[in-house]
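Novice: Sequence first, then the predicted structure:
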Amino acid sequence: MRDFLIAPSLLSADFARLADEIRDVTVAGADWVHLDVMDNHYVPNLTVGPLVCSAIRPHTRVPIDVHLMTMPVDPLVIAFAEAGANTISFHPEASLHVHRTIELIKTQGARVGLALNPATPLAVLDHVIERLDVVLVMSVNPGFGGQAFIPETLAKLRMLRERVDATMQRTGRPLLIEVDGGVKASNIAQIAAAGADVFVAGSAVFGADDYARAISDMRGELAQVSESDERALAEVR
Ligand code: DX5
Ligand code: ZN
């Protein structure tokens, strides 16, 4: 059975009360905290830098999952690693030398993720997938929270699931599929069944009155996926 992780995105948090928001979402059961870094160049929005990452680091014990939507990528990697990022994901279109950026992140001791936009083909994983810890599948175009899940993502996830399983068999190392954009309790089961392990949710968590309830509603949906996976496995056995 796969373990499912929920990563609330701070993009939808109240930035005037960031430390409280992080503590609240940690107590509510977040597995990771997702930090969206936007540069008004690679994406048409502007958010936070390493200073904010290091400011929030003491307020949660869970891993900080940094999603770089910046171009270039490399000049920010060391600063985010030093600011306490546990995972650093970047978009291949934003790096001139994808392999070099992957290695730079790894040498900083962070886990590395490659982020694929809705129209980016899985072929960008060729020749580098074995080096990754996370494949971050964008289910919206990057730049804003609160957008609708793009349904074509489901077919992409199914193809990626096969590829990731084959890769893990070869390498013996974990490789997670993370989905980002438009994830909520009403579609999370379908997204999990298509192959995702980690679920980024911004507006669905921070837009709720009760964060613990929002996260446990998602876990409830995921538990049913786990049970049906178990049943399918039992039938095979
Ligand atoms: C979009 C960001 C997402 C965003 C998700 O560019 O990468 O992490 O915050 O927000 P929701 O869950 O509201 O779609
Ligand atoms: Zn993100």
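Specialist: Nice, I can see it. Ligands and ions are numbered 1, 2, ... in the order given.
Novice: helices or strands next to the longest helix seen in the chain in the packing?
Specialist: Ranked by number of residues, the top helix in the chain under DSSP state H is helix 211-236. Applying 3 or more C-beta pairs under 8 Å, 6 or more residues apart in numbering; DSSP states H and E, one finds that helix 211-236 contacts strand 5-8, helix 18-27, helix 188-194, strand 198-201, helix 203-206. The C-beta positions use only the backbone N, C-alpha and C, and glycine is treated the same way.
Novice: Looking at the ones you listed, which is nearest to ligand 2?
Specialist: Taking C-beta to the ion, strand 198-201 is the member of these nearest to ligand 2, at 5.5 Å.
Novice: helix/strand/coil for the residue of the chain found nearest ligand 2?
Specialist: Using C-beta to the ion, the single residue of the chain nearest to ligand 2 is residue 67, 3.7 Å away. Put simply, residue 67 is strand when judged by DSSP: H, G, I helix; E, B strand; the rest coil.
Novice: Do I have it right that it meets residue 35?
Specialist: Yes - counting by C-beta atoms under 8 Å, residue 67 touches residue 35, with 6.7 Å between them.
Novice: Compare the two (neighbour count), which wins?
Specialist: For residue 67 and residue 35, the more surrounded residue by other C-beta atoms under 10 Å is residue 67, and the numbers stand at 28 against 25.
Novice: Distance-wise, check that one relative to residue 186.
Specialist: According to C-beta to C-beta, to the nearest Å, residue 67 stands 23 Å off from residue 186.
Novice: For stretch 122-137, buried residues please.
Specialist: For stretch 122-137, a neighbour-count test (16 or more other C-beta atoms under 10 Å) marks 124-125, 128-129, 131-137 as buried.
Novice: rewinding a little: quick check: pLDDT value at the residue of the chain closest to ligand 2.
Specialist: Note for residue 67: predicted pLDDT of 99.
Novice: quick one, what contacts it?
Specialist: 34-37, 89, 113, 115, 136, 180, 200 (C-beta atoms under 8 Å, 6 or more residues apart in numbering).
Novice: Kindly report the same for residue 117.
Specialist: Taking C-beta under 8 Å, 6+ apart, we find residue 117 in contact with 91, 93, 138, 141-142.
Novice: Let me know the closest of those to ligand 1.
Specialist: When the contacts of residue 117 are compared for distance to ligand 1 (C-beta to the nearest ligand atom), residue 142 wins out at 3.7 Å.
Novice: For the one residue sitting closest to the centre of the chain, identify the helix or strand it belongs to.
Specialist: Central residue of the chain (C-alpha atoms, centre = their mean): residue 178, 4.4 Å from the mean position. Residue 178 is part of strand 176-180, with elements assigned from DSSP states H and E.
Novice: If you drop the residues flanking it in sequence, what lies closest to the residue nearest to the centre of the chain?
Specialist: With sequence-adjacent residues excluded and distances taken as C-beta to C-beta, 6 or more residues apart in numbering, residue 178 is closest to residue 198, at 3.8 Å.
Novice: Determine which two of the buried residues of stretch 122-137 are furthest apart.
Specialist: Distance extremes for the buried residues of stretch 122-137: the farthest pair is 131 and 137 at 17.6 Å, using C-beta to C-beta.
Novice: Pull the number of nearby residues for the residue of the chain at minimum distance from ligand 1.
Specialist: The nearest approach of the chain to ligand 1 comes at residue 202, 2.9 Å away (C-beta to the nearest ligand atom). Residues contacting residue 202 under the criterion other C-beta under 10 Å number 25.
Novice: same question, residue 65
Specialist: 29.
Novice: Bridged to the residue of the chain closest to ligand 2, which residues?
Specialist: Beta-bridge partners recorded for residue 67 (DSSP bridges): residue 36, residue 89.
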